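here is my input; please provide its structure:
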Amino acid sequence: MALGSNKSAAGAPPQTLNINAASKCSSSSSFLQHGSCAGVSKPRALLPQQPPTSDTARKRAYPHSTYSSSPAAAAAAAAAAAAAAAPSGSAAAKRAVLCMPRAPPSLFDGLPEVNTCSGLPPFSYGQLLQISNAQAAEIRALKAAQARQAAEIKALKADNAALKADNEALKADNAAAADLAALIPKLRADHAAMGETNASQAATIGSLTAELGTLQGQLRSALFDAGKYQAAYNAFKDLAVSKHEAAVKEAEEAIEKWAVHAEQLEQQAAQAARENAALHKGCNELTFRLSNPPPPPKMQPPQQQHGSVDDVLGKSEALLVDFNKLSQDYSQLCKRLQRRDATISRRNATISQCNANISECSATIRMQRAELHTLRPLQQLARGNGAAVAAEASMRLSAHTRRRGSVPWVQPCKSRLSVCTKAATG
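Residues are numbered from 1 along each chain as shown. Purely as a prediction, here's the structure:
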């Protein structure tokens, strides 16, 4: 039957091969078997399913062997292979066997262009090359699709890993949510307890607010008193310091002036003492001369006695004049000494007055220092009162903010002149 079909195909005109149709086929075997892709959904098997022998397989795969002696022998071998490979039955008789050409068409000059093996239209070498190229393009497309599928697989694996990580994170979140769900009843219980505590603290807050107002009033009063004490202390301190500085400066200037004046008086007193000593010396000499007169001159003869008496009288008058002059000088020196003594006494009195003034200024300075020492405890007392009231108020406020229970009321310290050392209880 296969040979009969080949004979009928040999008498028919050769059919042209549509390469575009071959490129659209799902496989080249279907195109080679049917000649087109129309009505072909799946490729049909060209060979039987039973395992053939090695010789039979060689003859099936290469019916037109290059080692055949002639075309007739090749055709006979192809017919024998087809007859041996054809199964029994009407369906098996219709199955064709594809035989590949022996060589390029240029080598078949003079031979009939008929495929005696399958009865299909003849194929040239160029057509087969085009079919091979189409198959190679299909293979490349399949490889590209395979690469894309591999990339998609990698992306899917990465997405799977990300999904696993997200799943782990979701598990952790679910665990945390479970913990939070377990904490919710406890928080509700704590909220209920806090509501009861707030209800109990509402009354305490009212009493604390009133007490806070009282403490704030006391704090303002203490701060006002401290401000007054501070202002009075500053004013008195400034006044006392200014007075003290002025008095000290004035005393220093007076002491300096009196020291200069005393030095001048001492110099004048020394000069007067030296002059007084010189005058006393002159007076002593005059007194000695007056108390010890010179001896009388010797008696001369009467011829010369008259002249000597005149000389003695003249000398006596001269001595009397000198004595009177010395007496006047002595009286003047005595008066000058008296005046100098009076001046020295007055200057000594002035120096004593300066010393008294200096002592008075020193006493005033000591008194002002004592007053300053007296005012310092008052200032410290005022500061201590203000600090104590402020500390008590801040302590009670902090105790109120720290605790939740009621705070017992404590009598506040009302003293403004003594430091409150009592600590708040409760």
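
next, count neighbours for residue 393.
A count of neighbours around residue 393, defined by other CB atoms under 10 Å, yields 20. To be clear about C-beta, it is placed using only N, CA and C from the backbone, and glycine gets the same treatment.

look up how far residue 378 lies from it.
From residue 393 across to residue 378, the span is 23 Å (CB to CB, to the nearest Å).

and residue 326, by the same measure?
77 Å.

the more surrounded of these two?
Neighbour totals were compared for residue 326 and residue 378, and residue 326 leads with 18 against 13 (other CB under 10 Å).

how about that one, secondary structure?
Secondary structure for residue 326, judged by DSSP: H, G, I helix; E, B strand; the rest coil, is helix.

please point out which parts of stretch 313-331 sit buried.
Of the residues in stretch 313-331, those buried under the neighbour-count criterion (16 or more other CB atoms under 10 Å) are 326, 330.

give me phi/psi at the residue lying closest to residue 255 once chain neighbours are set aside?
The spatial neighbour of residue 255 that comes closest, neighbours along the chain excluded (CB to CB, 6 or more residues apart in numbering), is residue 358 at 5.7 Å. Main-chain dihedrals, residue 358, degrees, to the nearest 10: phi -60, psi -40.

where does residue 358 land on pLDDT?
On the pLDDT scale, residue 358 is placed at 75.

that one: how many residues sit nearby?
Using other CB under 10 Å, residue 358 has 15 other residues around it.

equivalent analysis for the one 5 residues further on, please.
The criterion is other CB under 10 Å. On that basis, residue 363 has 10 neighbouring residues.

numbering from 8 from now on, please.
Sure, I'll start numbering at 8, so the last one becomes residue 370.

for it, helix, strand, or coil?
Taking three-state DSSP as the rule, one finds residue 370 in the helix state.

the one 5 residues further on now?
Reduced to three states with three-state DSSP, the structure at residue 375 is helix.

how much space between it and residue 385?
Counting by CB to CB - residue 375 and residue 385 are separated by 16 Å.

in the chain, where's the longest helix?
helix 132-298 (DSSP state H).

mind giving me the packing neighbours of that one?
Where contact means 3 or more CB pairs under 8 Å, 6 or more residues apart in numbering; DSSP states H and E, helix 132-298 is packed against helix 26-31, helix 35-41, helix 309-409.

tell me the domain ranges of the chain?
9-130, 217-301+325-409 (automatic domain parsing).

pick out the shakiest of these, pLDDT-wise.
Taking the mean pLDDT of each of the domains of the chain, the lowest value is held by domain 9-130, a mean of 45.

contacting residues around stretch 265-278?
For stretch 265-278, contacts defined as CB atoms under 8 Å, 6 or more residues apart in numbering pick out 347, 350, 351, 354, 357, 358, 361.

now those in JSON lines, with distance to residue 233?
Putting the contacts of stretch 265-278 into JSON lines (distance: CB to CB, whole Å) gives the following:
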{"residue": "347", "distance to residue 233": "65"}
{"residue": "350", "distance to residue 233": "61"}
{"residue": "351", "distance to residue 233": "60"}
{"residue": "354", "distance to residue 233": "55"}
{"residue": "357", "distance to residue 233": "50"}
{"residue": "358", "distance to residue 233": "50"}
{"residue": "361", "distance to residue 233": "45"}
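
hmm, which of these are the buried ones?
When burial is judged by neighbour count using 16+ other CB under 10 Å, the buried members of the contacts of stretch 265-278 are 347, 351, 354, 358, 361.

and of those residues, the nearest to residue 135?
The shortest distance between residue 135 and any of the buried ones among the contacts of stretch 265-278, using CB to CB, involves residue 361 and amounts to 149.5 Å.

do you know how far the closest residue to that closest one other than its chain neighbours is from residue 402?
Of all residues not flanking residue 361 in the chain, residue 265 sits nearest, at 3.7 Å (CB to CB, 6+ apart). Residue 265 sits at a distance of 62 Å from residue 402 (criterion: CB to CB).

got it, and residue 382?
For residue 382, the distance to residue 402 under the criterion CB to CB works out to 30 Å.

higher neighbour count, the two?
Neighbours were tallied for residue 382 and for residue 402 using other CB under 10 Å; the higher tally belongs to residue 382 (16 against 12).
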